[in-house]
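Q: sequence below, structure please.
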Amino acid sequence: MKRTQRIIFFVFVCMMCIPSLQAQQDIANGSGILNLGVGVAPGLGGSVSFDYGVIDHWGPGIFTVGGYFGISGRKWEYKGIGVTIFDGDKTLTSVMIAARATYRYSVTRYFEAYGVLMPGVRIEKWKYPDNAATLDHSNISPDLGILAGCRFLFSDRMSVFAEMGYSVLCLNAGISLTF
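A: Model prediction:
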């Protein structure tokens, strides 16, 4: 996790050191944004989302819709007080597939804040060893992700983003490509 934090910090410092950037003014109706992210909490994972501009000016902001796919995994070992409860590692893999509705507001020419609502499906797979065999348990349930995020715009086509909230990944950051 420390390596991920260092990478995010390095990207943030690089963004602040580039004074002569040009940014995208608005996401026009019919343009799209592809987000590729790496996330942490509750486990390590990644996400891919796509936003498509449908309303240019909805109040002071822009409204986009799209899709989301995120995956997260974590592993740990249970130990009791002086006794190992089971041998081996317990793993949890979570996948979320959702629709994505985003309201974007340009704070400055280079910075935009947004809120996201993602109704979808979460698929979880638990795997934990027992003394005799490995036990598997799967669960598929409806889910609602709610995120707050921001983007720093490098150019008309490229930016970096950070998101935080309730989803398969609670903290997510990466690059965005606009086309």
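Q: check the contact between residue 161 and residue 153; I expect there is one.
A: No: the pair residue 161 / residue 153 is not scored as a contact, 9.8 Å apart, by C-beta atoms under 8 Å. To be clear about C-beta, it is placed using only N, CA and C from the backbone, and glycine gets the same treatment.
Q: which one's more surrounded, the two?
A: residue 153 (24 against 21; other C-beta atoms under 10 Å).
Q: and the pLDDT at the more buried one?
A: Residue 153 is assigned 93 on the pLDDT scale.
Q: any idea how far residue 145 is from it?
A: 24 Å (C-beta to C-beta, to the nearest Å).
Q: ok, which stretches of the protein are helices?
A: In the chain, the helices defined using DSSP state H lie at 2-16.
Q: in space, what's closest to residue 143 - neighbours in sequence excluded?
A: Closest residue in space to residue 143, ignoring its immediate chain neighbours: residue 122 at 4.0 Å, by C-beta to C-beta, 6 or more residues apart in numbering.
Q: neighbours of the one you found, how many?
A: By other C-beta under 10 Å, 19 other residues sit near residue 122.
Q: how about residue 53?
A: Residues near residue 53, counting by other C-beta under 10 Å: 21.
Q: swap in residue 176?
A: 22.
Q: in this structure it contacts residue 150, no?
A: No: if you go by C-beta under 8 Å, residue 176 and residue 150 don't touch, sitting 10.8 Å apart.
Q: so what sits against both of these two?
A: residue 161 (C-beta atoms under 8 Å, 6 or more residues apart in numbering).
Q: quick one: low-confidence parts of this structure?
A: Within the chain, the segments meeting pLDDT under 70 span 1-29, 76-88, 129-134.
Q: run the last query once more with 50
A: 17-25 (pLDDT under 50).
Q: please enumerate the strands of it.
A: For the chain, applying DSSP state E gives strands covering 32-40, 44-58, 61-76, 90-106, 111-129, 134-153, 158-166, 171-178.
Q: tell me what the second one is packed against?
A: Yep, that's strand 44-58 we're talking about. Strand 44-58 sits against strand 32-40, strand 61-76, strand 90-106, with contacts defined as 3 or more C-beta pairs under 8 Å, 6 or more residues apart in numbering; DSSP states H and E.
Q: would you turn these into JSON lines with mean neighbour count and distance to residue 169?
A: Shown next, in JSON lines, are the helices and strands packed on strand 44-58 (neighbours: other C-beta atoms under 10 Å; distance: least, C-beta to C-beta, whole Å):
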{"stretch": "strand 32-40", "mean neighbour count": "19", "distance to residue 169": "3"}
{"stretch": "strand 61-76", "mean neighbour count": "18", "distance to residue 169": "5"}
{"stretch": "strand 90-106", "mean neighbour count": "18", "distance to residue 169": "9"}
